[in-house]
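**Student:** Let me see the structure of the following:
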Amino acid sequence: MKNAVKFSALMSLVVLGVGTMITGCKSAPVLSNDQAKSMINAHYEAAAPSGFDINVNNDGMVQGATAKYWQRTTIYPNKYWADFKLTDQGKKSIKLSTGSDVIQWRPSSPTDKSFSIVVTTTVLKHRMARDIKDIQDVGSKTKTVLFTEGVDLSDLPQPLVDIAHNPGNQLTTTRTATFVLDGDSWKLQSVD
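**Tutor:** Now for the predicted structure:
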């Protein structure tokens, strides 16, 4: 009987000790996908908005001419080189990386379908996070998450949206956000 009492007392001490150890250890707070998305989007909102690049291929040139964003001013003797001047409507929607208002269309042949130019929207936009994947632990105080970065095209003119959806454009990018534990809460450290 004495051994049973001693064993019971010893077990009580062990349980009390383990309980004290467990309650004494602070566990990191939970970082949900919604919290991660909210922090990433707050990071984007804090940054200056910018125009975004649209790759304009042969189909895009036709769409832009139809939308009256540019008009042909010169056709060269080889019949497949041309210059296109941005119209007033085009200048309101896009700008060229050269700073000029003339698109110099110079494909390598009449059948060259890979030639393209890049225009930048004049509408300034913030990037945004969507499609947050599962959050991964990278140690006790660091977490990472893959997400899709994109741009909302809803307030752009439809012809520009159509050009942006042509092949060769990348409207979304996969990025990685890193979060670190700062005291009792998670903070966004970086977006790569």
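**Student:** Give me the residue at the spatial middle of the protein.
**Tutor:** When Cα atoms, centre = their mean is applied to the chain, the residue found nearest the centroid is E149 (1.9 Å).
**Student:** right, and that residue touches H126 too?
**Tutor:** No. Look at E149 against H126 with Cβ atoms under 8 Å: they stay out of range, at 10.6 Å. C-beta coordinates here come from the backbone N, C-alpha and C atoms, glycine included.
**Student:** ok, back up a step: secondary structure element for the residue nearest to the centre of the chain, which one?
**Tutor:** strand 142-151 (DSSP states H and E).
**Student:** strands paired with that strand, and their directions?
**Tutor:** Paired strands of strand 142-151, with direction, are strand 127-130 (antiparallel), strand 136-137 (antiparallel), strand 172-182 (antiparallel) (DSSP bridges).
**Student:** now, of those, which is deepest in the fold?
**Tutor:** Of the strands paired with strand 142-151, the one with the most neighbours on average (mean count of other Cβ atoms under 10 Å) is strand 127-130, at a mean of 18.
**Student:** Tell me which stretches of the chain form helices.
**Tutor:** If DSSP state H is used as the criterion, the helices of the chain fall at 2-24, 33-46, 58-66, 88-93, 158-164.
**Student:** Tell me how many other residues surround L188.
**Tutor:** With neighbours defined by other Cβ atoms under 10 Å, the count for L188 comes to 16.
**Student:** Wait, it touches H43, no?
**Tutor:** Yes. Using Cβ under 8 Å, L188 is in contact with H43, at 5.5 Å.
**Student:** Many thanks, I have nothing further to ask.
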